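Trainee: Would you be able to build a 3D model of this:
(chains A and B)
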Amino acid sequence: MRQRWLLTVFVIFCGILMVLPIYFLFVSAFKEPNDVFRLSINFSHLTLDNFKAVLETNILRAIWNSFFVSSVVTIVALLFHSMSGYALARLNFPGKNFIFGWMISTLMVPFTVIMIPLYMVTKNFGMANSYLGLIVPMIFNAYGIFLFRQFYNEFPKELEEAAYMEGLSIAGTFFRIVLPLSKPMIIPLTIGFFTANWNNYLWPLIINQKEDLWVVQVALANIVGGGYETSWSIVLAAALLCALPTFALFFLVQRHLVEGVKMTGIK
Amino acid sequence: MFKKKNRLKRKEALTAYGFVLPNFIGLTIFVFVPMVYAFYVSLHQWNALSPKVFVGFDNYVQMAKDKEWWHSVYNTFIFTIIYVPLLFGLSLFFAVLIHQLKSRYESLARTLFLLPFAITSVISATIWMFLYDPRNGFINQVLKFFGGHSQQFLGSTNQALISIIVVIIWINLGYNMMIFLASIKEIPTDYYEAARIDGATGWKAFRFITFPLLRGTSIFILVVTTIGSFQVFDQIMVMTKGGPANATEVSVLYIYKQAFEFLNMGYASALAVVLFIIIFVLSLTQLKLYTRKD
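Mentor: Next up, the predicted model:
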């Protein structure tokens, strides 16, 4: 019993250590520049001035850009990946195994290896420095297709048969019956795709030079490297502002995060 | 009757092609073509503006003599050798411990460990640059409080890489721990009860039941984190840009600089091709090693 308590105390202590940097982010963003390196909090000297300074940069625009790009990629990717996964799991057509193998083989290619030619290809399509360039190349990956195929392999056949009896076409059955019942796969992938794209730094850094189209990662990196080092309170206020959307998402979907780990992580 | 069946079959195939087509085209244009194109460009000298000049394998010859490149490969290996076992060990350690807690504390601990996962790589870099501040940073304040000396951290050639490793472990620990925890929960409790009758508890139970049954999960985590560690970029780009004195310059950062700062597209592509081969061979060997029947 005593051992159990010691263990609990130790684990929670380590957990608090893990959260400590985030705590410092929160409180330091409200401190006056001279107080920022003081470990204690001087409550009479907390201020919102840092945020006023941050709002003069383009950070809100960057947060919107990230939100827009991540949402569009996620929605289009889910649609395309579920369609492909369904076809590969359920429908018969010549060349099926070849197409599946072709798609899966792209999983072996790490992004960093193809970033240079991908930049060239995207630029040749005239998509550099535009939303399209940020969005389109990020839609396609075999990961989602693979997981949807797995999911539809175990999907009960009776529903589709009933739909065919009712005279629905294959496409109609998929969009009206199967897709709405695919939530167990759609929810974790929505979280996964959205956060992966929200976190993307290297690709937006390469493909876009226009300040209007900076995503949140690029904009924050510019503030950090932009000679603000002397005023850490402003830099941290910017970082906190950028962190708020994902914190909100985190507490909203935490339960699904656990399920998602199970679904996408191991199987 | 037979004709009708044939028509249905053709309709099914047509729908299927329609379903598969967007991804097939997309993956071809945005993954497959770039892969082939990378090798093609690597045989040229090219600054992205003027026409390509074919130089054969010159870029690969140049690479062999490029000390900065091999130094970046060395840094990447050092990063991997420290980062992967540490992340693996800590994730497993805390997963096992948290599994022992009562459910109330378990969910609290899970949230605490997973919280850093909710911020992005650049934010994590920002916070830790603040904490690592060589003059007034909190970590140095704590060191001084306990009678230690101020450290340079990101400004020191000896400490910069390990300081960055700490940040990346911090942000990824919770997620990997959750994966372990999820598979620990799938182990039937009968196993442990049977083991207890035989006198195996604590470390023995972990050694002979938990760890062997986590084999699949362990392989998954090891392979994924190793591949990831060979592509590390974000935090390094923000925190040190490869410095001081190239102490944190990893391969991807060097490729990025060659391509997008010096505009040596051909040479950078050759580096990328070699990086691909390294990652490919490494993950294949890992899979072979771990899945071998013993």
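
Trainee: so residue A:90 touches residue A:152, yeah?
Mentor: Yes. Counting by C-beta atoms under 8 Å, residue A:152 is a contact partner of residue A:90 at 5.7 Å. To be clear about C-beta, it is placed using only N, CA and C from the backbone, and glycine gets the same treatment.

Trainee: so what's the closest residue to chain B within chain A up against?
Mentor: Nearest residue of chain A to chain B: residue A:15, at 3.1 Å (C-beta to the nearest C-beta). Residues counted as contacts of residue A:15 (C-beta atoms under 8 Å, 6 or more residues apart in numbering or on different chains) are B:108-109, B:112-113.

Trainee: Let me know the helix or strand that the most centrally placed residue in chain A is in.
Mentor: Centroid-nearest residue in chain A: residue A:195, 1.4 Å away (criterion: C-alpha atoms, centre = their mean). Following DSSP states H and E, one finds residue A:195 within helix A:183-199.

Trainee: which secondary structure elements does that helix contact?
Mentor: With contacts taken as 3 or more C-beta pairs under 8 Å, 6 or more residues apart in numbering or on different chains; DSSP states H and E, helix A:183-199 sits against helix A:59-90, helix A:142-153, helix A:232-260.

Trainee: what's the longest helix in chain B?
Mentor: helix B:67-100 (DSSP state H).

Trainee: what's the distance between residue B:149 and residue B:143?
Mentor: The gap separating residue B:149 from residue B:143 is 7 Å, by C-beta to C-beta, to the nearest Å.

Trainee: Give me the neighbour count for residue B:159.
Mentor: 16 (other C-beta atoms under 10 Å in any protein chain shown).

Trainee: backbone phi and psi for residue A:155, please?
Mentor: Main-chain dihedrals, residue A:155, degrees, to the nearest 10: phi -80, psi 130.

Trainee: Identify the residue spatially nearest to it, adjacent ones excluded.
Mentor: residue A:178 (6.9 Å; C-beta to C-beta, 6 or more residues apart in numbering or on different chains).

Trainee: Quick one: low-confidence residue ranges for chain B.
Mentor: B:1-3, B:292-294 (pLDDT under 70).

Trainee: so where do the strands sit in it?
Mentor: Here chain B has its strands, by DSSP state E, at B:44-45, B:53-54.

Trainee: of all those, which gets the most neighbours per residue?
Mentor: Across the strands of chain B, the average number of neighbours (mean count of other C-beta atoms under 10 Å in any protein chain shown) peaks for strand B:44-45, which reaches a mean of 18.

Trainee: partners of that strand, with directions?
Mentor: If you go by DSSP bridges, strand B:44-45 pairs up with strand B:53-54 (antiparallel).

Trainee: And for the strand it pairs with, what's in contact with it?
Mentor: So strand B:53-54 is contacted by B:43-46 (C-beta under 8 Å, 6+ apart).

Trainee: ditto for stretch A:240-254
Mentor: So stretch A:240-254 is contacted by A:25-26, A:29, A:51, A:54, A:59-60, A:62-63, A:67, A:187, A:191, A:194-195, A:198, A:216, A:219-220, A:257, B:111, B:114-115, B:117-120, B:122-123 (C-beta under 8 Å, 6+ apart).

Trainee: Quick check: the closest residue to residue B:78 other than its chain neighbours vs residue A:201, distance?
Mentor: Spatial nearest neighbour of residue B:78, chain neighbours left out: residue B:161 (6.5 Å); criterion: C-beta to C-beta, 6+ apart. According to C-beta to C-beta, residue B:161 and residue A:201 sit 19 Å apart.

Trainee: before we move on, back to that, only the buried subset of the contacts of stretch A:240-254, as a ChimeraX command please.
Mentor: Applied in ChimeraX, the following selects the buried portion of the contacts of stretch A:240-254 according to 16 or more other C-beta atoms under 10 Å in any protein chain shown:
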select /A:25,29,51,54,59,62,63,187,191,194,195,198,216,219,220,257 /B:114,115,117,118,119,120,122,123
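
Trainee: re the thing from before, between the helices and strands packed on helix A:183-199, which gets nearest to residue B:134?
Mentor: Closest approach to residue B:134 among these is made by helix A:232-260 (12.9 Å; C-beta to C-beta).

Trainee: List the contacts of the residue in chain B positioned nearest to chain A.
Mentor: The minimum distance from chain B to chain A, using C-beta to the nearest C-beta, falls at residue B:112 (3.1 Å). Going by C-beta under 8 Å, 6+ apart, residue B:112 touches A:12, A:15-16, A:18-19.
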